[in-house]
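Chemist: sequence first, predicted model second:
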Amino acid sequence: MGPAIRCSGLKKTYDGKVEAVRGLDLAIEPGECFGLLGPNGAGKTTTIEILEGLLEPTSGEVEILGMTWRGHERELRELLGISLQETRLSEKLTVRETLHLFASFYHHPSPVAEVLDELSLNEKADAMVGKLSGGQKQRLAVATALVGNPKILFLDEPTTGLDPQSRRQLWEIVRQFQQRRGTVLLTTHYMDEAERLCDRLAIIDQGKVIAAGTPEELIAGLSGHHVVEFAISGGNGGGEEIWGRLAGVQSVRSEDGFYCLQVDEPHHTIPALLVAIQQKGAQLAHLTTRQASLEDVFVTLTGRHLREE
Amino acid sequence: MADLEIQTPPEEMLRPPTLVNGRWAGYRALLGARMKELWREPEVIFWVFVFPLLLALGLGIAFRNKPPEVTAIAVVNNSHAQQVVDLLQHSPSKGAIHADVLDESVALDRFRLGQYSLVVTEDDSGMHYRYDPARPESVLARSQVDDALQTAAGRSSPLKAEATQSSEPGARYIDFLIPGLLGMNLMNSGMWGVGFAVVDMRQRKLLKRFIASPMRRTDFLLALGSSRLVLMLIEVGLLLGFGVLVFHMKVEGSLLAILLVAALGAVSFGGVGLLTASRAQKIESVSGLINLVMMPMWIFSGVFFSYERFPQMIQPAIKALPLTALNDALRAIILQGAGLGSQWIPLAILAAWGGVSFVLALKWFRWS
């Protein structure tokens, strides 16, 4: 069996000027949960909407389950479940009525009662959509995608703006779908979501894939997968270059008065760091160490953060 | 990555299909959902059903046919007073004039207060009328009373004249108004019910969500059109029923012909509404467009008064408007009992508007 989703050389130019996607290749295997991780405006939504057959690419090829949108739109629509960013469903219909409506579009839908059950929407089944909380609305949006009994689930920013509990509930739903051998493609700008949920991911910036792999591979690919963060006070100033010369330090960056050292072996670096601070005549004001995250991968690759406030 | 092991898919497969939907399941569900949404929107109920009835009621009362008014006059009490009263009693308009015999000072006081429109004094030199030229009813009373007295006293009219009163059902203002209101209501609800609804769904990205599913686009449009037809039945029933029950209006034509014309009107204005909404992204912009399209028809298409009042030069343009065509056909059938065949020109105009709009709407329509 070939990849569930494959695209190559994908480009999308709006109005002949704005290049939203600039040459993108992906291959997503059946049964995996694949994430497109990137900051706002990176081209994630444009990419996923091209793959969903809702946008025409300026150039490039898309194949879903071995079929193209041009030749097999009807068949493909029956096989995909899609949740868009920010769809506002009819407020004057109940949850159950909304699911019946979407189920009616599919030739072989899942029973509405089963989907309600699976997405913990039973209690709210007869409530008007307008009365739901943000998390419930988002679960309903995913439910409208699942009620068609799809083979592939597309989720565009499924947890943006949700509270932590609602986010975990949605992750659980995605995992359940995967356990039935469903394939998932989702976009997110939350690195923890990408780390916990995705089997593999592509980091996207300015319309291009700048890194791809499992979260572990991406982090391991960093030179130095521990991060030592510290701040000092006093001392005679001096540049960053002295931190870079410490034992085991791979890279240095400073932000908001903190220094971040990417290191391989913190137990070698930290004693050296303490000595260096003492020699400068400064005091240590703050010190933490942690495992490197996808955020560090992104910052290392682009020099920017995923979520620029 | 501590909390998520690499998952090996268990043997359970994607759910086997247990349900099968037929070809028209989507259409039926869309129509059902649309009707439920409309029904649960109190504003829709008001604007589509209650408002036209209130309008008909208000205008029907304002322009109702009042019974002939009785003119109250005072006759100054003197030796001639009885003669005046007798003359009035023998005049042809005795029912329309009520005369009281009063002392002069009382009569003048009450005249000043507006209780009497005229004070009549007869003395040896003849009749004296005291009236107020600034009060129309006073002016009217003067000529009415003079006419009555002169006729009763034996004046003959050199010209033979005859007048017929016209206040029969079928020729009153309310009879003219109800078919016009029906036409206007079909236009309003077609334009808003389709145009506004579509742009609202586009703005909420619901249209895009729909076409991301296997929903057939034709089913969506058919369901919108069908919901208009269902509402049309209620609109026609309510307005005509109201006219018949409250204003004793007489419906001359066949109900089937009325329903067919109303259906054509509902669908045609649905097409115009769809065209208006084909590209607009925001409900604010489509609201302006809808009003812009409807405005000329409110004025020119003979809803509240006959369009014959406009200059001859623009009559052909007025008759080419879809609402004019709809109103003309409805009036001919409802008021004159015309058959469908005789109305082919307005019906063709209406169908052309609907058809052309629909084709252009499909060509330009944006789902996202």
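Modeler: Yep, it's here.
Chemist: any stretches of the stretch 51-200 of chain B with poor pLDDT?
Modeler: Along the stretch 51-200 of chain B, the parts satisfying pLDDT under 70 run over B:65-68, B:165-170.
Chemist: name the residue of it that lies nearest to chain A.
Modeler: Closest to chain A within the stretch 51-200 of chain B is residue B:200: 9.5 Å, counting by Cβ to the nearest Cβ. C-betas here are computed from N, CA, C, even on glycine.
Chemist: from residue A:100, how far out is that residue?
Modeler: 21 Å (Cβ to Cβ, to the nearest Å).
Chemist: kindly report the same for residue B:183.
Modeler: Taking Cβ to Cβ, one finds residue B:183 at 36 Å from residue A:100.
Chemist: just to revisit the earlier point, confirm that the residue of the stretch 51-200 of chain B closest to chain A sits in a helix.
Modeler: Yes - under DSSP: H, G, I helix; E, B strand; the rest coil, residue B:200 falls within a helix.
Chemist: quick one: contacts for the nearest residue to it once chain neighbours are set aside?
Modeler: Excluding its sequence neighbours, the residue lying closest to residue B:200 (Cβ to Cβ, 6 or more residues apart in numbering or on different chains) is residue B:283, at 5.5 Å. Applying Cβ atoms under 8 Å, 6 or more residues apart in numbering or on different chains to residue B:283 gives the contacts B:196, B:199, B:200, B:203.
Chemist: most surrounded residue in these?
Modeler: Within these, most neighbours by other Cβ atoms under 10 Å in any protein chain shown means residue B:199, with 26 neighbours.
Chemist: wait, isn't that one in contact with residue B:277?
Modeler: Yes - contact criterion Cβ atoms under 8 Å: residue B:199 and residue B:277 qualify, at 4.8 Å.
Chemist: what is in contact with those two at once?
Modeler: Common neighbours of residue B:199 and residue B:277 (Cβ under 8 Å, 6+ apart) are residue B:286.
Chemist: and residue B:9, what's its pLDDT?
Modeler: At residue B:9, the model reports a pLDDT of 45.
Chemist: kindly report the same for residue A:239.
Modeler: 65.
Chemist: sec struct for the nearest residue to residue B:52 once chain neighbours are set aside, please.
Modeler: Leaving aside its chain neighbours, residue B:52 sits nearest to residue B:185 (4.7 Å; criterion: Cβ to Cβ, 6+ apart). Using three-state DSSP, the structure places residue B:185 in helix.
Chemist: one more: residue A:13?
Modeler: strand.
Chemist: roughly how far does it sit from residue A:43?
Modeler: 11 Å.
Chemist: what do those two both touch?
Modeler: residue A:20.
Chemist: the two: which is more packed in?
Modeler: The neighbour count for residue A:13 versus residue A:43, taken as other Cβ under 10 Å, is higher for residue A:43 (24 against 15).
Chemist: tell me the contacts of the more buried one?
Modeler: A:12, A:20, A:21, A:22, A:24, A:204, A:206, A:207, A:208.
Chemist: mind doing that once more with 10 Å?
Modeler: A:10, A:12, A:19-22, A:24, A:36, A:50, A:187, A:204-209 (Cβ atoms under 10 Å, 6 or more residues apart in numbering or on different chains).
Chemist: top of those by neighbour count?
Modeler: residue A:36 (28 neighbours).
Chemist: beta partners for that residue?
Modeler: residue A:187, residue A:202 (DSSP bridges).
Chemist: that one and chain B, how far apart?
Modeler: 17 Å (Cβ to the nearest Cβ, to the nearest Å).
Chemist: that residue against residue A:201, yeah?
Modeler: Yes - applying Cβ atoms under 10 Å, one finds residue A:36 in contact with residue A:201, separated by 7.0 Å.
Chemist: what touches both of those two?
Modeler: A:186, A:188, A:194, A:209, A:212.
Chemist: packing partners for the helix or strand of chain A with the lowest mean pLDDT?
Modeler: In chain A, the helix or strand scored least confidently by mean pLDDT, DSSP states H and E is helix A:241-244, which has a mean of 81. Judged by 3 or more Cβ pairs under 10 Å, 6 or more residues apart in numbering or on different chains; DSSP states H and E, helix A:241-244 is in contact with strand A:249-255, strand A:258-263, helix A:266-280.
Chemist: highest average neighbour count across these?
Modeler: Counting by mean count of other Cβ atoms under 10 Å in any protein chain shown, strand A:258-263 has the highest mean neighbour count of these, with a mean of 21.
Chemist: what angle do it and strand A:249-255 make?
Modeler: If you take axes from the mean of the first three to the mean of the last three Cα atoms, to 10 degrees, strand A:258-263 sits at 160 degrees to strand A:249-255.
Chemist: pull the CA atoms of strand A:258-263 into CSV?
Modeler: The C-alpha trace of strand A:258-263 is given here as CSV (Å, rounded to 0.1, in the frame of the first residue of the first chain):
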residue,chain,number,x,y,z
PHE,A,258,18.4,35.0,30.0
TYR,A,259,21.1,32.9,28.3
CYS,A,260,20.2,29.6,26.7
LEU,A,261,23.0,27.1,26.1
GLN,A,262,22.3,24.0,24.1
VAL,A,263,24.5,21.3,25.5
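Chemist: contact partners of it?
Modeler: So strand A:258-263 is contacted by A:222-232, A:240, A:243-244, A:246-254, A:269-270, A:272-273, A:285-286, A:288-289, A:292, A:296, A:299-300 (Cβ under 10 Å, 6+ apart).
Chemist: quick one: buried ones out of those?
Modeler: Burial by neighbour count, 16 or more other Cβ atoms under 10 Å in any protein chain shown: within those this picks out A:222, A:224-228, A:230-232, A:243, A:246, A:248-253, A:269-270, A:272-273, A:292, A:296, A:299-300.
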